[in-house]
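**Student:** Quick one: sequence plus predicted model below, questions after.
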Amino acid sequence: MDMKLNGSGNWMLALLNTVKDNFEKIKAGGGKKSVEKQKEKNKLTARERIKYLTDNDKPFIEIGAFAGHGMYEEYGGCPAGGTVAGIGYVSRRQCVIVANDQTVKAGAWFPITGKKNLRMQEIAMENHLPIIYLVDSAGIFLPMQDEIFPDKEHFGRIFRNNARMSAMGITQIAAVLGACVAGGAYLPIMSDETLMVKGNGSIFLAGPYLVKAAIGEDIDAETLGGAETHNAISGIADYECADEYECLDKIKNIVSKLGEPQQAGFNRIESIAPSKNMETIYSIMQENNAKPYDVVDIIECIVDAASFEQFKEQYGKTIVCGYARIDGWSVGIVANQRLISKTKRGEMQMGGVIYNDSADKAARFILNCNQKKIPLVFLQDVTGFMVGSRSEHAGIIKDGAKLVNAVANSVVPKITIITGNSYGAGNYAMCGKAYDPRFIYAWPSAKIAVMGGEQAAKTLLQIQVSGKKISEVEQQQMLDAIKSRYEKQTIPYYAAARLWIDDIIDPADTRKLISEGIAASNNNPDIKEMKVGVFQV
C-alpha cells in the first residue's frame, strides 16, 4: 500500500515504508548467486514453492519474516531465520506451511531457525491445523551446534512435536525437495506422508562423505538415499515425483481429500466494512506516540460498522473493553486508552497507565468473554501500572495480579496487537508473548521494553554515577549513550528478530490478520472450562 497523507499520518507511513524496504531485502534470501545455484538444479526457491502451493485468491499470512534480523552477522546473517513460513490455504483448507530456504547457508538450522520452526508447530497444535513441511536443508549449522542441539526448546523438540501432533490427529505432510540429512531425516519420516523429488530429494542419517569416513564405503547420494531408493527399497517415502511441480500438485491433492475439521463454534455473521476509512488508521497516533489519542478511533477502523459496544464505559477509563465484530467474527476487545480521563471523584488519570479500577474492569470482562466463548483481542499501548503511595495503598498489586490471573487462565483464543508502548508488567497484563496469545503482531510504531528509554536511561545513569564526581556535560553524554543503546532494543525489529512477536504489520492489515487468526483458532474445538485458581479479591 503506497500512500501519502497530509499531516500526522506521514510519520507512520515512513516507518511502514522502512519495514517494507527491509522485507524486500529479506525476501532476497541468501542473495542472487545462491538463487541462481538453486535454479541450476531445477529447484524453486522457498517463496516460489509456497506461492505455487497456496490458493491465489486467499491470503498467505507470513509468520516470522524478520526472524534473525540483524543477528548472526559474523556468519553473514540469516534472513527470515533461513525458513519461510506462515498460514495459507491449500485446496481451500487453512494450513501451516514451513519451507527451508536453501539459499541461506544451504538451509542450515541456526538457533533462531529452530525457534521459528517450533513456533510454527505450536501454531499448528494450538489451532489443529494441518502442517506442510517443504524440506531442503543441510541440517544443523555446526559452528553454533551448542545453541541448537540439546536443550528442551532446541532441534530435538521438532521431532517430539511430530510425535505429539500425530497423536493429536493433526495431518503432517513432508515434501523432500532437496537435502534432508542427519537428525533432520526424522522429520519427514515422522510425518503422515512423505514425498520426494527424483534427482534432488535425499534422506540419510549420514551423507556420502561421512559414510566414506566412518566405514570406508564409496556411494553416491542418489543411491544412498535418493527418491528411488526410499520409494522402491527402504519404503521410507510414499511418493516419487519427477519434479517439484508434480510434488506440490500431489500435496494439493492430498489436502483436498482431508475430512472436514470439527470447529470451536465461534460466532460469525456476514461481514460489514468498518465505519472509518482504513486510511485514517495511520494518522490517529501522533509522531513517536507523543500525544494522547482516543483508542476508540483505532477500534472503529478495525471493527464492523456500529458493532462496538463498550463494557463499563464510565468506569476504569484507562482500559477500554467491549464487544464487537471483526469481519463478522464476534470478539471481545481489551485496549489501553491513551486519553487523560477524570474519575467521578475528580481525580485525573494518565492515559496508557493501568489503574486499580481499569485492571478490575478488564479482569471481569475477560471472565465474561470466556463464559460466552468469545475470542479476545488485546490492543497494547501501555506504559505499565500506576505507581505511588495512593495506588500502593489502594492495592494496585492485588488488582494487577487479578488481571494477570485472568489473562493467564483465559481459555478462548487471544490475539494481541502492539500498536504503541508495551512496557513492564503492562506487557504481561495485556497478553504479551509470555501469556500465550495465539498470534501476536506489532505495528511499526511499537516499543517493547521493561520501561521507556528515558526512564531506563536515567535509572541506569544514577547507578553508574553514584558516589562519583561527574560534570553535567559528561552526565549528558553518558545519558545519551545509554539511551541510544537501550532504545535499539525496544524497536519492533529487535522483538521480531527474536520472535517475541510474529511479525511487524501494516496497521491497515490489522483487521485481516485478526480475522484470519480467529478462523485458524476455530479449527480447534477443544476449549476447556476456565479456572482462575486463588487470587485476592
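**Tutor:** Sure thing, it's come through. Because the structure is predicted, anything quoted here is derived from the model rather than measured.
**Student:** Any buried residues in the one helix or strand Glu222 maps to, and which?
**Tutor:** Here Glu222, judged by DSSP states H and E, is contained in helix 221-225. Of the residues in helix 221-225, those buried by neighbour count under the rule 16 or more other Cβ atoms under 10 Å are 221-222, 224-225. (Glycine included, C-beta is placed from N, CA and C.)
**Student:** would you list these in TSV and tack on distance to Asn56 and pLDDT?
**Tutor:** Converted to TSV, those look like this (distance: Cβ to Cβ, whole Å; pLDDT from 0 to 100):
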residue	distance to Asn56	pLDDT
Ala221	35	88
Glu222	34	90
Leu224	38	93
Gly225	34	92
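**Student:** In a markdown table, list those residues along with distance to Ile61.
**Tutor:** As requested, these are arranged in a markdown table below (distance: Cβ to Cβ, whole Å):
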| residue | distance to Ile61 |
| --- | --- |
| Ala221 | 35 |
| Glu222 | 37 |
| Leu224 | 38 |
| Gly225 | 34 |
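**Student:** and which of those residues is nearest Tyr186?
**Tutor:** When those are compared for distance to Tyr186, the smallest value, 13.2 Å, is given by Gly225; criterion: Cβ to Cβ.
**Student:** With Gln121 as the reference, measure out to that closest one.
**Tutor:** For Gly225, the distance to Gln121 under the criterion Cβ to Cβ, to the nearest Å works out to 24 Å.
**Student:** looking at this protein, which helix or strand is least sure?
**Tutor:** The helix or strand of the chain with the lowest confidence, counting by mean pLDDT, DSSP states H and E, is helix 453-465 at a mean of 70.
**Student:** just checking, next helix/strand downstream of that one?
**Tutor:** helix 472-488.
**Student:** The following helix or strand past that following helix packs against which elements?
**Tutor:** Tracing the chain C-terminally past helix 472-488 and defining elements by DSSP H and E, one meets helix 492-497 next. Secondary-structure packing of helix 492-497 (3 or more Cβ pairs under 8 Å, 6 or more residues apart in numbering; DSSP states H and E): strand 439-442, strand 447-449, strand 503-504.
**Student:** now the ones you listed in a markdown table, with distance to Val35, mean pLDDT and mean neighbour count?
**Tutor:** Converted to a markdown table, those look like this (distance: least, Cβ to Cβ, whole Å; pLDDT from 0 to 100; neighbours: other Cβ atoms under 10 Å):
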| stretch | distance to Val35 | mean pLDDT | mean neighbour count |
| --- | --- | --- | --- |
| strand 439-442 | 29 | 98 | 26 |
| strand 447-449 | 33 | 93 | 22 |
| strand 503-504 | 23 | 98 | 26 |
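**Student:** Now distance to Gly235 too, for those, in CSV please.
**Tutor:** Shown next, in CSV, are the helices and strands packed on helix 492-497 (distance: least, Cβ to Cβ, whole Å):
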stretch, distance to Gly235
strand 439-442, 39
strand 447-449, 49
strand 503-504, 40
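**Student:** List of residues touching stretch 146-153?
**Tutor:** For stretch 146-153, the external contacting residues (Cβ atoms under 8 Å, 6 or more residues apart in numbering) are 109-111, 113-115, 118, 140-141, 154-156.
**Student:** go again using 7 Å as the cut-off
**Tutor:** 109-111, 114-115, 118, 140-141, 154-155 (Cβ atoms under 7 Å, 6 or more residues apart in numbering).
**Student:** Of these, which pair is most distant in space?
**Tutor:** Checked with Cβ to Cβ, these reach their widest spread between Leu118 and Phe141, with 16.1 Å between them.
**Student:** More neighbours: those two, which one.
**Tutor:** Neighbours were counted for Leu118 and for Phe141 using other Cβ atoms under 10 Å; Phe141 has more, 22 against 18.
**Student:** what residues are up against the residue nearest to that one when sequence neighbours are not counted?
**Tutor:** Residue nearest to Phe141 in three dimensions, not counting chain neighbours: Ala108, with 4.1 Å by Cβ to Cβ, 6 or more residues apart in numbering. Residues touching Ala108, when contacts are defined by Cβ under 7 Å, 6+ apart, comprise 82, 137-141.
**Student:** pLDDT wise, what is Ala108 at?
**Tutor:** The per-residue pLDDT reported for Ala108 equals 92.
**Student:** now swap in Tyr239 and tell me
**Tutor:** 97.
**Student:** tally of neighbours for it?
**Tutor:** 17.
**Student:** Helices of the stretch 151-300 of the chain, residue ranges please.
**Tutor:** 156-168, 186-189, 208-215, 221-225, 227-228, 244-256, 295-302 (DSSP state H, counting those that start in this stretch).
**Student:** now what about the shortest one, what contacts it?
**Tutor:** So that's helix 227-228. Residues from elsewhere that reach helix 227-228, judged by Cβ under 7 Å, 6+ apart: 196-198, 201, 237, 240.
**Student:** ok, back up a step: out of the contacts of stretch 146-153, which is most surrounded?
**Tutor:** In terms of neighbours by other Cβ under 10 Å, the contacts of stretch 146-153 top out with Trp109 at 30 neighbours.
**Student:** Thought His154 was touching that one, still the case?
**Tutor:** No. Trp109 is beyond contact range of His154, at 9.5 Å (criterion: Cβ atoms under 7 Å).
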